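Chemist: What would the 3D arrangement of this be:
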Amino acid sequence: MKIKLTNFIPWLLINLVILSLYYSLIAYLFSDFPKEEPSFPQQGLWYFWSILSHNITNYLQTVITFFLFPLNYLFVWGHSFLIISQEIKYFGISYAFDKLLPHGLIEFPLILFYQYLSYRLLYLYIKRKSLKVLLNFILENKYYFLSTVPIMALSAGLEAFIT
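Modeler: Coordinates of the predicted model:
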């Protein structure tokens, strides 16, 4: 069952609405947390490797533990939104957007894309209850699974050296 990118577009749009509501909830619930201003590491190669290894770990965790998809989804976005809301609170919205752009334009849709892959794995497993079906799905869509890492590297490079 090969993925059609046209099926990803509705997923992306629905998630933009869901994540907007989720961000509002996180920002409201944790508006006073923490009391310290966040600190940011310096730009450079070490920061690039730190970001890239974190993103690859997140990707592998999301895909390998597809059966925990709802929890992974809530955790990844809750953590991201907590950090974004802290930046907005302490430094202002323009600063937060300066830190999010341009890498966020690549990273956020990429996260949604590999969460979509995880969702499809969960859906197929629930529907067919077969590991062979999952393996076939992964093999048929190997280019999607493999292409995420170079795109992550591009996003990490933008974040570490530009933003």
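Chemist: Just the buried residues of stretch 64-72, please?
Modeler: Neighbour-count burial for stretch 64-72 flags Phe66, Phe69, Asn72 (criterion: 16 or more other C-beta atoms under 10 Å). Yep, even glycine has a C-beta here, placed from its N, CA and C like the rest.
Chemist: Now do it: distance to the chain's middle.
Modeler: Between the centre of stretch 64-72 and the centre of its chain there are 13 Å (C-alpha atoms, centre = their mean, to the nearest Å).
Chemist: Pull out the CA atoms of stretch 134-154 and give them to me as PDB.
Modeler: Taking Å, rounded to 0.1, in the frame of the first residue of the first chain, the C-alpha atoms of stretch 134-154 are listed here in PDB:
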ATOM      1  CA  LEU A 134       3.600  -3.500   8.000                       C
ATOM      2  CA  LEU A 135       6.900  -4.700   6.500                       C
ATOM      3  CA  ASN A 136       5.400  -4.500   3.000                       C
ATOM      4  CA  PHE A 137       4.200  -1.000   3.800                       C
ATOM      5  CA  ILE A 138       7.600   0.100   4.900                       C
ATOM      6  CA  LEU A 139       9.300  -1.500   1.900                       C
ATOM      7  CA  GLU A 140       6.800   0.100  -0.600                       C
ATOM      8  CA  ASN A 141       7.300   3.500   1.000                       C
ATOM      9  CA  LYS A 142      11.000   3.200   1.800                       C
ATOM     10  CA  TYR A 143      11.900   6.400   0.000                       C
ATOM     11  CA  TYR A 144       9.500   8.300   2.200                       C
ATOM     12  CA  PHE A 145      11.000   6.700   5.300                       C
ATOM     13  CA  LEU A 146      14.600   7.300   4.200                       C
ATOM     14  CA  SER A 147      14.100  10.800   2.700                       C
ATOM     15  CA  THR A 148      13.200  12.300   6.100                       C
ATOM     16  CA  VAL A 149      16.700  12.100   7.400                       C
ATOM     17  CA  PRO A 150      18.300  14.400   4.800                       C
ATOM     18  CA  ILE A 151      15.400  16.800   5.200                       C
ATOM     19  CA  MET A 152      16.000  16.800   8.900                       C
ATOM     20  CA  ALA A 153      19.700  17.500   8.300                       C
ATOM     21  CA  LEU A 154      18.700  20.500   6.200                       C
END
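Chemist: So what touches it?
Modeler: Residues outside stretch 134-154 that contact it (C-beta atoms under 8 Å, 6 or more residues apart in numbering) are 1-3, 52, 55-56, 59, 63, 106-107, 110, 113-114, 117, 120-121, 124-125.
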